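**Student:** Turn this into a structure:
(one chain, ligands or ions: 1)
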Amino acid sequence: MSASLEALDQRHVWHPYGTQPAALPALVVERAEGVWLRLADGRRVVDGMSSWWCACHGHGHPHIRAAVAAQLEAMPHVMFGGLTHAPAVRLAERLVALTPEGLEHVFFADSGSIAIEVAIKMALQAGRAARRTRLAALRGGYHGDTFGAMALCDPVGGMHELWAGALPSHLFLPRPPAGGLGDPVDPAWVAAVEALFAAHGSELAALVLEPVVQGAGGMWFWSPAHLPVLRELCDRHGVLLVLDEIATGFGRTGALFAADHVGVRPDVMCVGKALTGGTLTLGATLCTPAVAAAISAGEGGALMHGPTFMANPLACAAALASTDLLADGAWHRDVARIEAALAEGLAPARALPGVADVRVLGAIGVVQLDHPVDVARATEAALAEGVWLRPFRDLVYTMPPFVSTPSEVASIARAVLAATRAS
Ligand SMILES: Cc1ncc(COP(=O)(O)O)c(C=O)c1O
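**Tutor:** Numbers count the residues shown, from 1 in each chain. Sure thing, here's the model as predicted:
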């Protein structure tokens with residue numbers, strides 16, 4: 001049964017960033033419960049990736065399951081043009097309360113990438129009257145795989161060359177130097193971004209960036225002290241600040257949102273991934289009344305976006321239930337506990353051959369190699385330790401579910417070390 005599923009999958013199903021037919025078979029998962037994935041071959045492994053960083057409460061949390069089941073009974077979906085429903089309204093109210101002050105309006109999107117597309121439309125529509133037609137982004141960033149989002153991804157690692165001619169040419173700023181919470185601002189970096197703003201600020205509608213942690217662009221950590229510098233430059237040059245908190249949002253870096261480390265208020269903010277606790281796909285783009293007014297009074301007179309499954313009630317119910325689970329603040333203690341355990345558990349990697357850096361922030365642990373990871377060997381080594389990891393480029397990393405117990409975090413750390421040795 002599982003062998004034929006695996007073979008059929010390899011023959012017919014396209015997997016992320018894959019060839020067709022697939023070069024390697026994918027593992028068949030039969031159940032996901034708490035931090036555990038049960039594989040069809042009988043193995044039971046800890047999901048050290050929180051399934052691409054979204055299952056922050058583990059899989060199938062009973063509170064989220066019950067909310068989705070109740071919503072399924074009442075109404076799985078209705079169109080959102082001209083209609084509304086309690087899950088969307090309550091979730092918008094919740095997101096406005098949880099996110100940095102000033103964000104008042106919520107556009108629901110189907111995924112993180114679409115939340116970014118909506119943010120781009122918001123910025124370009126709001127900047128249209130002033131002929132601000134370009135965007136700025138940080139080098140090393142990742143914002144999704146749709147064309148608008150891809151144009152903001154790192155121009156070297158982000159496949160820009162493959163799409164040359166098809167992507168708009170935005171302005172790329174150097175990213176802040178590697179660093180952690182509490183590290184001071186780097187004056188050389190400030191001088192470089194000031195010069196770019198001075199030369200191009202009047203062309204820019206918005207600066208889009210992942211605050212404090214750049215994820216898929218290279219798991220790069222930077223000191224939040226640099227964020228107010230960018231906020232001030234945006235203000236000085238009339239540029240909107242768009243924060244992509246799709247990966248960092250809902251506690252992952254140790255603050256509810258990465259912007260909260262320094263109390264920066266963006267004009268637009270995107271969330272996704274852990275928004276539904278990893279249950280269903282949903283993103284949201286929030287903005288200030290000033291941005292909403294500029295769009296609504298502008299040439300188009302409306303925000304030109306409206307996907308079929310916008311504000312899907314099941315996804316909104318899952319997001320409400322997932323954010324309920326954050327309300328008692330236990331996530332904060334859990335993330336701090338996981339941070340300490342990963343710092344201790346990954347420290348021995350520093351002595352391993354081929355390791356360039358080891359870093360931990362919140363519930364994120366990274367071992368960076370001085371060479372590309374052998375993904376097949378690294379994955380097998382982690383599985384042998386009872387853990388699912390999915391390394392990429394030169395990075396073996398983990399983002400454990402917040403509910404992982406101390407012994408599960410210890411297994412994850414052992415698996416990261418094993419995967420590093422196997423690479
Ligand atoms: C920071 C960031 N932005 C946007 C996205 C795109 O989200 P999605 O995969 O839901 O389209 C991702 C996904 O990894 C991300 O990490």
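
**Student:** what sits against residue 368?
**Tutor:** 219, 355, 356, 357, 358, 359, 394, 395 (CB atoms under 8 Å, 6 or more residues apart in numbering). Yep, even glycine has a C-beta here, placed from its N, CA and C like the rest.

**Student:** Go through those and say which is closest to the ligand.
**Tutor:** Of all these, residue 219 has the smallest distance to the ligand: 10.4 Å, by CB to the nearest ligand atom.

**Student:** can you tell me which of the contacts of residue 368 are in strands?
**Tutor:** Among those, the members found in strands (DSSP state E) are 355, 356, 357, 358, 359, 395.

**Student:** Report how many residues lie close to the first one.
**Tutor:** Put plainly, it is residue 355. Residues lying near residue 355 (other CB atoms under 10 Å) number 20.

**Student:** Could you look up the SS state of the nearest residue to it once chain neighbours are set aside?
**Tutor:** Nearest non-adjacent residue to residue 355, counting by CB to CB, 6 or more residues apart in numbering: residue 349, 5.3 Å away. What DSSP: H, G, I helix; E, B strand; the rest coil gives for residue 349 is helix.

**Student:** what does the stretch 51-200 of the chain have sitting close to the ligand?
**Tutor:** Listed as neighbours of the ligand in the stretch 51-200 of the chain under the rule CB under 6 Å from any ligand atom: 111, 112, 113, 116, 142, 143, 144.

**Student:** Apply 8 Å and report the result again.
**Tutor:** Within the stretch 51-200 of the chain, the positions near the ligand by CB under 8 Å from any ligand atom are 52-53, 111-116, 141-146, 149.

**Student:** so which of those residues comes closest to the ligand?
**Tutor:** Among these, residue 112 lies closest to the ligand (CB to the nearest ligand atom), at 2.2 Å.

**Student:** Identify the residue spatially nearest to that closest one, adjacent ones excluded.
**Tutor:** Excluding its sequence neighbours, the residue lying closest to residue 112 (CB to CB, 6+ apart) is residue 272, at 3.4 Å.

**Student:** okay, now the one you found: neighbour count?
**Tutor:** By other CB under 10 Å, the residues close to residue 272 number 28.

**Student:** how near is the most centrally placed residue in the chain to residue 20?
**Tutor:** For the chain, the residue nearest the mean C-alpha position is residue 247 (2.0 Å; CA atoms, centre = their mean). Applying CB to CB, to the nearest Å, the value for residue 247 to residue 20 is 27 Å.

**Student:** and if you look at residue 353?
**Tutor:** Using CB to CB, residue 353 is found at 36 Å from residue 20.

**Student:** Show me which of the two is the more surrounded one.
**Tutor:** Between residue 353 and residue 20, counted using other CB under 10 Å, residue 20 has the larger neighbour count: 11 against 8.

**Student:** Specify the local secondary structure of the closest residue to the more buried one other than its chain neighbours.
**Tutor:** Leaving aside its sequence neighbours, residue 20 sits nearest to residue 14 (CB to CB, 6+ apart; 5.3 Å). Here residue 14 is coil, with the state taken from three-state DSSP.

**Student:** unless I'm mixing things up, residue 14 is touching residue 26, no?
**Tutor:** No. Assessed by CB atoms under 8 Å, residue 14 is found out of contact with residue 26, at 10.8 Å.

**Student:** count of residues packed around residue 31?
**Tutor:** Applying other CB under 10 Å, we find 12 residues neighbouring residue 31.

**Student:** Tell me the strands beside the helix or strand containing it, with direction?
**Tutor:** According to DSSP states H and E, residue 31 maps onto strand 29-33. Strand pairing for strand 29-33, using DSSP bridges, gives strand 36-39 (antiparallel).

**Student:** give me every residue that touches residue 339.
**Tutor:** By CB under 8 Å, 6+ apart, the neighbours of residue 339 are 254, 360, 361, 362, 363.

**Student:** What residues are recorded as beta-bridge partners of the third one?
**Tutor:** Yep, that's residue 361 we're talking about. Counting by DSSP bridges, the residues bridging with residue 361 are residue 364.

**Student:** Could I get the full set of helices for the stretch 301-423 of the chain?
**Tutor:** Taking DSSP state H, counting those that start in this stretch to define them, one finds helices in the stretch 301-423 of the chain at 313-324, 330-346, 375-384, 406-422.

**Student:** which of those helices sits most buried?
**Tutor:** Across the helices of the stretch 301-423 of the chain, averaging neighbours per residue (mean count of other CB atoms under 10 Å) puts helix 313-324 on top, at a mean of 24.

**Student:** I'd like the ones in strands among the contacts of residue 368 as JSON lines, with distance to the ligand and pLDDT appended.
**Tutor:** Listed next are the ones in strands among the contacts of residue 368 as JSON lines, based on distance: CB to the nearest ligand atom, whole Å; pLDDT from 0 to 100:
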{"residue": "355", "distance to the ligand": "24", "pLDDT": "98"}
{"residue": "356", "distance to the ligand": "22", "pLDDT": "98"}
{"residue": "357", "distance to the ligand": "20", "pLDDT": "98"}
{"residue": "358", "distance to the ligand": "21", "pLDDT": "98"}
{"residue": "359", "distance to the ligand": "17", "pLDDT": "98"}
{"residue": "395", "distance to the ligand": "14", "pLDDT": "98"}
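
**Student:** So residue 14 and residue 26 - more neighbours on which side?
**Tutor:** residue 26 (14 against 11).

**Student:** what about the nearest residue to residue 185 once chain neighbours are set aside, distance to residue 190?
**Tutor:** Leaving aside its sequence neighbours, residue 185 sits nearest to residue 225 (CB to CB, 6+ apart; 4.8 Å). According to CB to CB, residue 225 stands 10 Å off from residue 190.

**Student:** Residue 24 now?
**Tutor:** Remark: distance between residue 24 and residue 190 (CB to CB) = 45 Å.

**Student:** how about the helices of the stretch 301-423 of the chain, which one is nearest residue 262?
**Tutor:** Nearest to residue 262, of all the helices of the stretch 301-423 of the chain, is helix 330-346, at 17.1 Å by CB to CB.

**Student:** Now do that closest one against strand 355-361, angle only.
**Tutor:** Counting by axes from the mean of the first three to the mean of the last three CA atoms, to 10 degrees, helix 330-346 points 160 degrees away from the direction of strand 355-361.
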